[in-house]
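Student: I need the structure of the sequence given here:
(one chain, ligands or ions: 1)
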Amino acid sequence: MTAPNIPGQPHIAYQGNNLCMEGVKLSDVAAQMGTPVFAYSKASMLSALAAYQRGFEGRKVQICYAMKANSNLAVLQIFAKAGCGFDIVSAGELARVLAAGGEPSKIIFSGVGKTRAEMKQALELGIGCFNVESEAELEVLNEVALSLGKKAPVSLRVNPNVDPKTHPYISTGLKGNKFGVAHESALQTYQRAAQLLGLAVVGIDCHIGSQITEATPYLDAMDRVLDLVADIEAAGIPIHHIDFGGGLGIDYNGDTPPAADQLWKQLFAKLDSRGYGQRQFMIEPGRSLVGNAGVCLSEVVFMKPGEQKNFCIIDAAMNDLPRPAMYQAFHQILPVTPRAGEGTLVDVVGPVCESGDWIGRDRTLNVQAGDTLAVLSAGAYCMSMSSNYNTRGRAAEVLIDGTEVHVIRDRETVAQTFVGEHLVKA
Ligand code: LLP
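Tutor: Predicted coordinates for the structure are as follows:
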């Protein structure tokens, strides 16, 4: 049987009866590595990056990969080699960038709760920019920089109050969100920043949310940010770079986000019309670079028919793939070697002791215990959000490059899950 190929996934396709990533049969990966295992296509990541690069030809743009989407060292290495910087949110992420060979000067540090220790470390390394999210942070960063005899390069993250039309948990640019400085008080906060001797104002930043599938929220946010740039510069504070954050969505289930180059064509048309087209820009894409490059392979443990529902119980769970439980997210699920014949309606669930531990609901699948399933679009916010809940070791990860399979993370052993815990002396 030959199953149809998969829209939106140029590097994952059925060849005959085998689901392949680039030149590798995913059934071979599962057999060699065991399950659950994540497999990522290098070509897919590079082609997603190329779409942005096409949109930026003739412009000054630094792409800073938002590594929270997938922070495996080998993934970071690919983006560092391709010239990317990194958007980080913790000292842990900073350490990963260094371990993967990223350049400190191309790092931007986002997040609402940077600690003094994190600020100090980042300042000592000479990162490119702190995206500051509040007045309180501004004051503390100034103190830390002065104590080190340094000037911290800063952008203020402004909250443009634009609705990105996405899931409420991943919408960040509305007034009620914890992120950024309110549009209305941004000028005043810039004036304060400009007075502080430990700070050097270098830019402005905004990020309105994630899995955005329309261009309009970006265009609206850009207008709001450019209005502010005009006001801030009129007040005598030069803005050297404009950072538009990340957020571009991917196709999980027939979603139709604009292609990165098309989106940026529209955004540059606006920037040109307002006279800002030749500025230095930064962007912080995460999901759109890695999301559709990854799959999670998992084995069917049991089929459990029921009166109301049939369950297909697999060996991956909400600790490996938290997005369905957290955001009711949809991931396509495909058999790695499809069987001939009709499927039945099943809920695909994991073994974790929670009713929220589902991976896909009401899917038509023709599978039996022992079969391998591929959960698609699992390259972003899956492994990086995984946990040890139910004392499950984290999955292994491989990187596929043509016909080569590189192990980029060993499966976590159970013993590793309790390293650092102590019994109390009797
Ligand atoms: N920049 C900042 C400041 C961010 O907070 C984020 C994501 C990004 C860039 C990258 O956004 P992206 O291009 O990946 O959309 N766990 C959720 C997504 C959380 C996004 C958090 N911030 C999910 O699985 O849908």
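
Student: from here on, contacts and neighbour counts on C-alpha atoms
Tutor: Fine.

Student: Now do the same for residue 170: its pLDDT.
Tutor: Here, the pLDDT recorded for residue 170 equals 66.

Student: same question, residue 6
Tutor: 83.

Student: Double-check that it belongs to a helix.
Tutor: No - counting by DSSP: H, G, I helix; E, B strand; the rest coil, residue 6 is not found in a helix; it is coil.

Student: Buried residues of the strand ranked longest in the chain, list them for me.
Tutor: Longest strand of the chain, by residue count under DSSP state E: strand 294-304. Buried positions in strand 294-304, judged by neighbour count with 16 or more other Cα atoms under 10 Å: 294-303.

Student: Could you export those residues as TSV, including pLDDT and distance to the ligand?
Tutor: Below are the buried residues of strand 294-304 laid out as TSV (pLDDT from 0 to 100; distance: Cα to the nearest ligand atom, whole Å):
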residue	pLDDT	distance to the ligand
294	98	13
295	98	14
296	98	15
297	99	18
298	99	19
299	98	23
300	98	24
301	98	26
302	98	27
303	98	28
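
Student: ok, these vs residue 120, which is closest?
Tutor: Closest approach between the buried residues of strand 294-304 and residue 120, by Cα to Cα: residue 294, at 34.9 Å.

Student: wait, what's in contact with the nearest residue to that closest one once chain neighbours are set aside?
Tutor: Closest residue in space to residue 294, ignoring its immediate chain neighbours: residue 379 at 3.8 Å, by Cα to Cα, 6 or more residues apart in numbering. Counting by Cα atoms under 8 Å, 6 or more residues apart in numbering, residue 379 makes contact with 38, 40, 69-70, 287, 290-295.

Student: Up against the ligand, what does the chain have?
Tutor: By Cα under 6 Å from any ligand atom, the residues of the chain that approach the ligand are 66, 69, 110, 170, 207, 210-211, 245-248, 284-288, 323, 381.

Student: Remind me what the very next helix or strand once past the longest strand of the chain packs against, helices and strands.
Tutor: Per DSSP states H and E, the first helix or strand lying C-terminal to strand 294-304 is strand 311-314. The contact analysis (3 or more Cα pairs under 8 Å, 6 or more residues apart in numbering; DSSP states H and E) places strand 311-314 against strand 294-304, strand 344-349.

Student: got the phi/psi numbers for the residue nearest the centre of the chain?
Tutor: Residue closest to the mean C-alpha point of the chain, counted by Cα atoms, centre = their mean, is residue 69 at 2.4 Å. Residue 69 adopts backbone torsions of phi -70, psi -40, taken as degrees, to the nearest 10.

Student: Then residue 374?
Tutor: Dihedral angles (degrees, to the nearest 10) for residue 374: phi -110, psi 120.
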